[in-house]
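>>> Make a model of this:
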Amino acid sequence: MSTNRTIQQITYAQQFDMGGFPVRQSLPAQGLENLDPFLLLHHANIKITEHTDLSRAGVGAHPHRGFSPVTFIFEGGVHHRDSRGNDNIVYAGGTQWMNAGMGIIHSERPPHDIHAHGSKQEIIQLWVNTPAAFKMKQPEYFPLNRENTPQISSEDGLTGIAVITGELHGTKGPIPTFSQVNSFSINTRKSAHYFLPIPVTHNAFVYVLKGKINLNQTTPVEAYHMAVFNNDGQGFSFTTEEDAVLLVGSGEPLNEPIASHGPFVMNTQTEIMEAFRDYQMGKMGVLIEE
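Residues are numbered from 1 along each chain as shown. I've put the predicted structure just below:
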């Protein structure tokens, strides 16, 4: 019989302003600096008004090195551009996965047709650390649309799971990762019951975007909360009191030193200084948005 993991901590996603872009942050949180290999989780839910200048909305050009900034799109769409020439729009149900590698500059803005897609932009950005051996690889960008994302349905039809990376019940996510990382987007209906297996060596979390679930039959978790699990079971079960939307992440811990500053995540402070130097020297390229 599969055993449920116990809950280590439940964090609330506090809201704050990130340079004019309102987000909720559940990681890092008080008492939880990171959840190796996961470094940061931001949840944004923004109404795009008719008079918004779309060329300036969202997040403008900025650099990254040493990790994967990943954007899961739940409503609307995201227009990604970067200094490697990638220019792509992914809509609701899709994912933008970028391995920043040795350095890249990118922007993420609402698409030109955002008003035809509900005038809302609901996304989660998750930062996934890259093992030291791969931090200086060439950058890579993987756009994944809803229609190309493998789906799993529960026997009762009440729970649907999109498999983005890793593997679940023999279904593999199409995006490659440098270490073992599972990422699943879940839509579940009221009165659903589901057990989700997790590799025993993985650190794992579930974040609730909408609705309310009960974990392991006992612990209620509402929207804007993240539950972090102890590594003491084969997975976790949930039941739903109302329709809910969830993001689940699990990953093999890297167990490597972390040095980070702003948009760069490396292993030493010297490497952080080198990242700033290389960015200022133009070694991460140039992004001109048109």
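>>> All the strands of the stretch 1-150 of the chain, in order from the start?
Here the stretch 1-150 of the chain has its strands, by DSSP state E, counting those that start in this stretch, at 7-12, 14-18, 21-27, 38-47, 59-64, 67-75, 77-82, 87-91, 95-99, 104-109, 120-129, 140-144.
>>> Quick check: which helices or strands does the fifth one pack against?
When you say that, I think you mean strand 59-64. In terms of contacts (3 or more C-beta pairs under 8 Å, 6 or more residues apart in numbering; DSSP states H and E), strand 59-64 is packed against strand 104-109. (C-beta placed from N, C-alpha, C; glycine too.)
>>> name the helices or strands packed onto the strand it packs on?
Other helices and strands packing on strand 104-109, by 3+ C-beta pairs under 8 Å, 6+ apart, are strand 59-64, strand 77-82, strand 95-99.
>>> sorry, back to before: would you turn the strands of the stretch 1-150 of the chain into TSV with distance to L247, mean neighbour count and mean pLDDT?
What follows is the strands of the stretch 1-150 of the chain, written out as TSV (distance: least, C-beta to C-beta, whole Å; neighbours: other C-beta atoms under 10 Å; pLDDT from 0 to 100):
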stretch	distance to L247	mean neighbour count	mean pLDDT
strand 7-12	14	17	97
strand 14-18	17	11	89
strand 21-27	10	19	93
strand 38-47	8	20	96
strand 59-64	19	19	94
strand 67-75	6	23	98
strand 77-82	16	22	97
strand 87-91	16	18	97
strand 95-99	11	25	98
strand 104-109	17	22	96
strand 120-129	6	22	97
strand 140-144	15	18	98
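>>> Same list (those strands) but as JSON lines, adding distance to S154.
Formatted as JSON lines, the strands of the stretch 1-150 of the chain follow (distance: least, C-beta to C-beta, whole Å):
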{"stretch": "strand 7-12", "distance to S154": "22"}
{"stretch": "strand 14-18", "distance to S154": "32"}
{"stretch": "strand 21-27", "distance to S154": "26"}
{"stretch": "strand 38-47", "distance to S154": "25"}
{"stretch": "strand 59-64", "distance to S154": "35"}
{"stretch": "strand 67-75", "distance to S154": "20"}
{"stretch": "strand 77-82", "distance to S154": "28"}
{"stretch": "strand 87-91", "distance to S154": "25"}
{"stretch": "strand 95-99", "distance to S154": "21"}
{"stretch": "strand 104-109", "distance to S154": "32"}
{"stretch": "strand 120-129", "distance to S154": "22"}
{"stretch": "strand 140-144", "distance to S154": "22"}
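>>> Would you mind measuring from the residue nearest the centre of the chain to R189?
In the chain, the residue lying closest to the centroid (C-alpha atoms, centre = their mean) is L126, at 2.9 Å. Plainly put, L126 is 25 Å away from R189 if you go by C-beta to C-beta, to the nearest Å.
>>> Equivalent analysis for P143, please.
To R189, P143 is 29 Å away according to C-beta to C-beta.
>>> Do a quick rundown of the helices in the stretch 151-290 of the chain.
Under the criterion DSSP state H, counting those that start in this stretch, the stretch 151-290 of the chain contains helices at 269-280.
>>> how about low-confidence regions in the protein?
For the chain, the stretches flagged by pLDDT under 70 are 1.
>>> So which residues of the stretch 151-290 of the chain form strands?
All strands of the stretch 151-290 of the chain, identified by DSSP E, counting those that start in this stretch, fall at 151-153, 159-165, 167-168, 171-172, 181-188, 193-197, 203-210, 212-215, 219-222, 225-229, 235-240, 244-251, 259-261, 264-266.
>>> how about the strands of the stretch 1-150 of the chain, which one is nearest E222?
strand 7-12 (9.2 Å; C-beta to C-beta).
>>> between that closest one and strand 38-47, how big is the angle?
Here strand 7-12 runs at an angle of 30 degrees relative to strand 38-47 (axes from the mean of the first three to the mean of the last three C-alpha atoms, to 10 degrees).
>>> helices or strands up against strand 7-12?
Packing contacts for strand 7-12, counted by 3+ C-beta pairs under 8 Å, 6+ apart, involve strand 21-27, strand 219-222, strand 225-229.
>>> Name the nearest residue to E256, ignoring sequence neighbours.
A132 (5.5 Å; C-beta to C-beta, 6 or more residues apart in numbering).
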